[in-house]
Each structure stands twice: as C-alpha cells, then as structure tokens.
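Novice: Give me a 3D structure for the following:
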Amino acid sequence: MLTQDDVLKALKAVKYPGYSRDIVSFGLVKQVQVAAEAVAVHLELTSARPEVAAQLKVECERVLQQLPGIRTAAVDVRMTGGGGAGAPPNPWAGQARVPGIERIVAVASGKGGVGKSTCSANLACALQREGLRVGLLDCDIYGPTIPLMMGTRQRPTITPDEKLLPPCAHGVKLMSIGFLLEDDQPVIWRGPMIVKTIQQFLVQVEWGTLDYLIVDLPPGTGDAQLTLCQTVPLDGGVVVTTPQEASLGVVRKGIAMFEKVNVPVLGLIENMSYFTTPDGQRLEIFGHGGGRHEAARKGLPFLGEIPIFVEIREGGDQGVPVVVGRPDSAAAAAFRAVARAMRAQVEQPRQAG
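Specialist: Take a look at the predicted model:
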C-alpha cells in the first residue's frame, strides 16, 4: 500500500523553478494524505508569481500520477500562500546561486578532530578523478588546513574585474583564508568579519565552471555554517563522525542545523572506523558502527566508512591526498566509494525528474 513516505519521495523529483533543490527539502510540502487510490498534497508557497505555482502544480501532478495504484483523476494538488499578507517567510530569501557552479555540497561535523577536512580534500579529489570540474572552499577561518592537505600555499591573483583567481592543486580549484595569511599568523576576528569573508569567498572568487564545489566547514554550528546556508542554496550537506558516542552526540546537532535551514542531509560518513594491524588483526579503536546506526536511527543514507590508514595521514601531511598519491590503495578506494554514494544522493533526484 502506498504511504506518505512514498509520496514525499516522489515529490523530491520536483525542483523549485530556478533552483536545483526540491520542494520537499525547501519545506514547501505541508500535508500529504493517501487513501485507497487517491492522494492529496498541500503546498505552501512563498512566491507571488502565478507562473511558479502553475509550474509546480503541473510537475507535482505528473510525478504523483506515475505512482503505482493511483488513479489519474484522484490526484489533488492544493496550494496556498503566494507571498501576500500573512504568507510564511521565504526560506531562501537573499540567496542566489553562484554563476557557473552546478552543485554546492557542505561537509560538516559536530566536533573537531573527526577528520572532516581530510574527508573534504579526498572527496574533492575523488570527484575530480571521475572527470568532474571541482572546487574546494575552506570555510574554517580560525584553523584552515586545506592549504596543507592540498599541498599549496600559492596566493590567489586578482582578475581585471577585481575577483580572486583561486589556486589549483591536483586539478581542484581552491580557496582558503590560509592563502592570504603569513605562516602561523592567527586570525583574531569577531563574527561579522567571518561572515563577510565567507560571503566574499563565495561570490568574489572567479570559480569558473564547476560541477561541484565542496565546502569544508569548521566544527560546530556557528557563524560560518549559518552564513553559508543563508548566502547560497546548498544542494546538500554531508556529516562526518567517528564511531564513539562522544562524537555522535554532537553530530546530531549538525544534522539538526542542516534540517532547520532546509538543507537536505545527503548522509553520514564514519571516519576512523577501525584499524587493521600488519598481521591482519582488526582493532576497533573508537568502537565501530556508530555512524551507520545513527544514520539508520535518523532515516538518513550511510555513505560509507573510512578505516584508519597510515597512508591517509601521510597524504595529508605531505599535501598529496591519498586518492591522488596512492590511487590503487584500499584507503583511496574507500574515499572513492563514499564519493560515488554522495553523488548518487545529489544527482538521483534530478535524474528522476
């Protein structure tokens, strides 16, 4: 029998006009009713443009009529709102897509020390080695590590129209506050300066044409995270955790942050899952399976686990991510598998529509 979850899954194929995000992740679907061979859906719009409502109504009816067991005449799509008096606030007011960037994915963690930047660098390189055009933005203003992990300290140049031209390493375009500072120079800024810098990194950098921009967020749920979510429409967020409860407890806050700002959570990555000794013994140093269990508990995709490999640490220290430096290793294979799982979550709804 058809369920409300089946209907919501189908509606994820309907993109809001002009955006790559779907109407479900934007929070527009307010009510779903399923009875026998009929389905009724209530959407609450924020746009006053009648053509937007008309397009969404047609698209919703189309995907719902394709559901098994639903009679064509028994699909009811009702819309309210429209930007008039009393309409709900626009969840993406002030947002604008960055020209030339197809998809933006943020990589977050609830706490530091879980290997989030390592995952960001290797995911970006894994996507690049799949033939995609990729950028990597380091939003950790207080502790930028992407310059070290990607092996370049090259300062960005300025284009004739006064935009920053990002350095490139391993085929990935990069931007980080670390490129603009002297070695070991601390950043002692208040929140408004961080907000302004991240906004400039998004819109005042000549990113060119990218299939993916991977954004490495700092730990927590502060100014950097909120600025990113409010400045540009994100296509999804990935949350990195380690297996133990101390990490999982704060990961839930990261998931809740994405949900509150209507950013779809693409899934969880469990880093440092286990270590295999040279004699083949498996040691679960931080426990094991916590990330998978938490994903199941929250009803989110589990993108994969990254065991502890010495090659990963060496690659980060040497500025050559393991996906690039040791492409045939088990460590590189693990990151490639996670990158493919992430792509499937981002791109599958779009293909279905």
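Novice: Can you give me the neighbour number for residue 54?
Specialist: Other residues lying near residue 54 total 11 when counted by other Cβ atoms under 10 Å. C-beta: built from backbone N, CA, C; applies to glycine.
Novice: my guess is it is in a helix, correct?
Specialist: Yes: looking at residue 54 with DSSP: H, G, I helix; E, B strand; the rest coil, it is inside a helix.
Novice: all strands for this protein, in order.
Specialist: Here the chain has its strands, by DSSP state E, at 29-35, 38-45, 75-81, 101-108, 134-138, 157-158, 164-165, 168-169, 172-176, 210-216, 236-241, 265-276, 282-283, 302-308.
Novice: Return the most buried member of those.
Specialist: Per residue and on average, the most neighbours among those fall to strand 236-241, with a mean of 28 (mean count of other Cβ atoms under 10 Å).
Novice: picking that back up, may I see the strands of the chain organised as CSV, with mean pLDDT added?
Specialist: CSV is the format used below for the strands of the chain (pLDDT from 0 to 100):
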stretch, mean pLDDT
strand 29-35, 87
strand 38-45, 87
strand 75-81, 84
strand 101-108, 93
strand 134-138, 96
strand 157-158, 92
strand 164-165, 94
strand 168-169, 97
strand 172-176, 96
strand 210-216, 96
strand 236-241, 92
strand 265-276, 92
strand 282-283, 89
strand 302-308, 94
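Novice: Just send those strands back as a markdown table, with distance to residue 126 too.
Specialist: Shown next, in a markdown table, are those (distance: least, Cβ to Cβ, whole Å):
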| stretch | distance to residue 126 |
| --- | --- |
| strand 29-35 | 33 |
| strand 38-45 | 37 |
| strand 75-81 | 40 |
| strand 101-108 | 12 |
| strand 134-138 | 9 |
| strand 157-158 | 27 |
| strand 164-165 | 24 |
| strand 168-169 | 14 |
| strand 172-176 | 10 |
| strand 210-216 | 10 |
| strand 236-241 | 13 |
| strand 265-276 | 12 |
| strand 282-283 | 24 |
| strand 302-308 | 11 |
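Novice: Nearest to residue 62, out of those strands?
Specialist: Nearest of those to residue 62, taken as Cβ to Cβ: strand 75-81 at 9.3 Å.
Novice: can you tell which of the strands of the chain is closest to residue 292?
Specialist: Closest approach to residue 292 among the strands of the chain (Cβ to Cβ): strand 302-308, 4.8 Å.
Novice: partners of that closest one in the sheet?
Specialist: Using DSSP bridges, strand 302-308 pairs in its sheet with strand 265-276 (parallel).
Novice: Extract the C-alpha trace of the strand it pairs with and format it as PDB.
Specialist: What follows is strand 265-276, C-alpha atoms only, in PDB (Å, rounded to 0.1, in the frame of the first residue of the first chain):
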ATOM      1  CA  VAL A 265      21.300  15.900   4.600                       C
ATOM      2  CA  LEU A 266      22.900  13.600   1.900                       C
ATOM      3  CA  GLY A 267      24.200  11.200   4.600                       C
ATOM      4  CA  LEU A 268      26.800  10.300   7.200                       C
ATOM      5  CA  ILE A 269      30.400   9.200   6.800                       C
ATOM      6  CA  GLU A 270      32.000   7.200   9.600                       C
ATOM      7  CA  ASN A 271      35.700   8.100   9.700                       C
ATOM      8  CA  MET A 272      38.400   6.200  11.700                       C
ATOM      9  CA  SER A 273      36.100   3.100  11.700                       C
ATOM     10  CA  TYR A 274      38.800   0.600  12.600                       C
ATOM     11  CA  PHE A 275      42.500  -0.200  12.200                       C
ATOM     12  CA  THR A 276      44.000  -3.300  10.700                       C
END
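Novice: Check residue 109 and give its pLDDT.
Specialist: pLDDT recorded at residue 109 is 86.
Novice: same question, residue 83
Specialist: 48.
Novice: Where do the domain boundaries of this protein fall?
Specialist: Split into domains by automatic domain parsing, the chain comes to 4-81, 101-352.
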